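**Student:** Here is the input, now give the coordinates:
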Amino acid sequence: MPRAGLAPAAVVAAGAALADEVGFDRLTMSLLAERVGVRTPSLYKHVGGQEDLNRRIAALALTEAADAVGGAVQGYAGRDALAAAARAFRAFVLAHPGRYAATVGVEPHGPDDPLAAAGQRLLGAFMAVLRGYEIAETDVDHALRMLRSLCHGFATLQSAHAFQWSTDIDASFEWLITFADRGLRAMSSAPTRHP
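**Tutor:** Alright, predicted model coming up:
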């Protein structure tokens with residue numbers, strides 16, 4: 001019998017918290033079982049195995065990130081929306097590095113996969129930012145990849161304590177936002193001008 005009070009959502013939440021604590025690459029079913037106080041085989045009553053656990057953590061992380069970014073951009077447009085989205089995304093990654101790592105490179109199995117819905121919600125939040133810049137439809141994918149690269153790169157580097165210089169990290173991030181804002185404004189309503 002599953003442990004009283006232990007349900008799939010609680011197992012996934014515990015796994016996500018453990019991934020944040022020890023690192024996603026160190027998360028194992030046995031370590032999670034120890035954390036929730038059951039034997040490892042008992043976890044399989046709640047999740048299908050390590051891959052299933054990882055995918056559920058990724059879906060949880062994307063949902064949480066979408067909530068954070070989507071909520072942050074409400075009522076803003078242009079640079080203010082961009083700044084709000086970028087700051088919310090960075091804050092999420094710094095607070096939850098393990099569960100965020102679960103989202104990298106994972107693909108939905110189909111349109112009904114919870115990963116697909118969660119990913120679309122996060123994408124929608126960044127699409128809302130781009131609407132304020134009137135980016136040409138043919139350039140939207142490029143703009144989204146640019147924003148993802150900037151935000152993901154900065155946040156994951158900071159999370160890994162890779163910024164060793166004394167220059168203020170927050171100031172560097174604001175510089176990044178200004179850089180992205182100027183680039184998006186330069187591309188606003190412009191036909192593709194790059195290879």
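
**Student:** After the longest helix along the chain, which helix or strand is next?
**Tutor:** Longest helix in the chain, counting residues (DSSP state H): helix 50-73. On the C-terminal side of helix 50-73, the closest following helix or strand by DSSP states H and E is helix 78-95.

**Student:** In that following helix, which residues are buried?
**Tutor:** 79, 81-90, 92-93 (16 or more other C-beta atoms under 10 Å). C-beta: built from backbone N, CA, C; applies to glycine.

**Student:** In terms of secondary structure, what does whichever helix or strand comes after that helix contact?
**Tutor:** Where DSSP H and E defines the elements, the next helix or strand beyond helix 78-95 is helix 97-101. Contacts defined by 3 or more C-beta pairs under 8 Å, 6 or more residues apart in numbering; DSSP states H and E place helix 97-101 against helix 8-22, helix 50-73, helix 140-159.

**Student:** Keeping just the C-alphas, turn the second one into CSV.
**Tutor:** Pointing back at helix 50-73 there. Extracted C-alpha coordinates of helix 50-73, given in CSV (Å, rounded to 0.1, in the frame of the first residue of the first chain):
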residue,chain,number,x,y,z
GLN,A,50,13.3,7.7,-13.2
GLU,A,51,12.3,8.9,-16.7
ASP,A,52,8.7,9.5,-15.7
LEU,A,53,9.8,11.3,-12.5
ASN,A,54,12.1,13.5,-14.5
ARG,A,55,9.4,14.4,-17.0
ARG,A,56,6.9,15.2,-14.3
ILE,A,57,9.5,17.4,-12.6
ALA,A,58,10.0,19.2,-15.9
ALA,A,59,6.3,19.7,-16.4
LEU,A,60,6.1,21.1,-12.8
ALA,A,61,9.0,23.4,-13.5
LEU,A,62,7.6,24.7,-16.8
THR,A,63,4.2,25.3,-15.1
GLU,A,64,5.8,27.2,-12.2
ALA,A,65,8.0,29.2,-14.6
ALA,A,66,5.0,30.1,-16.8
ASP,A,67,3.1,31.2,-13.7
ALA,A,68,6.1,33.4,-12.6
VAL,A,69,6.8,34.9,-16.0
GLY,A,70,3.1,35.3,-17.0
GLY,A,71,2.2,36.9,-13.7
ALA,A,72,5.2,39.3,-13.9
VAL,A,73,4.4,40.7,-17.4
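
**Student:** Report how many residues lie close to Pro97.
**Tutor:** 19 (other C-beta atoms under 10 Å).
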